[in-house]
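Enquirer: sequence and predicted structure, then a few things I'm wondering about:
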Amino acid sequence: MKAFLLKLLLVLVLAAGTVAVVLYLTGDWQEKKIVSLETAIAGLQEEYVPLRFMVVSRDPASITLRVRLYNLAGTELGMVETSLPGKELSIDFLVVPLHQSWAVFPVRIFTDAMAAETGITLDSIVAPAGLPLTYAGGSFDEEQLAELGKLYTSLLAGENVPGAYGNAVHDVKELRRFELGQVYRIVVRKKGGIEILEDS
């Protein structure tokens, strides 16, 4: 009986040790993935333009706009043209810190006349199949894009990602009024900050 108990105890100890090793290796692997993403983010140019937009028309009840999305190399990923009820335009981004830099994802377009959740979502262009193409064409390899995609998916699902927050760019925030026919670019700075500038 004692021999049996000793053997059982030994098996349990070995099993616990195996679990501990697996957890340690998993944690180490995840840490390496995070470091890899941080390195890729750090390799970005100081600022980049994931999105340009233009207000095509505006009346008292609605806004018609055209939005184009780009990767890091400036290649256009897709375009959305839509009319939305309301007077004030908002473009929402998800922002998450990675070491001393920031990952920024365009999420949706909405107005003052609608809830953000009912706005036009951009994920089918930004991250088809879960890969954030706005970060393609630069310092990210396929594996790093996949890891960044997991982070993006977690943010969209509302999961708790430390330090993450949304940042909406409003029609009246930096410019009193977006002029009809004028192209504006959203400039993202890797050290933090999103700004609207007129495109020359």
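Expert: Received it, and whenever you're ready, just let me know what you need. Note that this is a predicted model, so its numbers are computed, not measured. Numbers count the residues shown, from 1 in each chain.
Enquirer: what is the burial count for A103?
Expert: A103: 24 surrounding residues under other CB atoms under 10 Å. The way it works is simple: take the backbone N, C-alpha and C, and place the C-beta from them, glycine included.
Enquirer: shouldn't it be within a strand?
Expert: Yes. Counting by DSSP: H, G, I helix; E, B strand; the rest coil, A103 is part of a strand.
Enquirer: so it touches L148, yeah?
Expert: Yes. Between A103 and L148 there is a contact at 6.6 Å, judged by CB atoms under 8 Å.
Enquirer: please tell me how far A127 sits from P60.
Expert: Computed as CB to CB, to the nearest Å, the A127 to P60 distance reads 35 Å.
Enquirer: between the two, who's got more neighbours?
Expert: Using other CB under 10 Å as the criterion, A127 and P60 rank with A127 on top: 22 against 5.
Enquirer: for stretch 157-165, which residues meet the burial criterion?
Expert: In terms of neighbour count (16 or more other CB atoms under 10 Å), stretch 157-165 has its buried residues at A164.
Enquirer: output that stretch as CSV - backbone C-alpha positions only.
Expert: Once non-C-alpha atoms are left out, stretch 157-165 reads as follows in CSV (Å, rounded to 0.1, in the frame of the first residue of the first chain):
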residue,chain,number,x,y,z
ALA,A,157,-14.5,41.3,-28.9
GLY,A,158,-14.4,43.7,-25.9
GLU,A,159,-11.8,41.5,-24.1
ASN,A,160,-9.7,43.2,-21.4
VAL,A,161,-6.5,44.4,-23.1
PRO,A,162,-4.4,46.4,-20.6
GLY,A,163,-4.1,50.0,-21.6
ALA,A,164,-6.4,49.8,-24.6
TYR,A,165,-8.9,52.5,-25.4
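Enquirer: many thanks, we can stop here.
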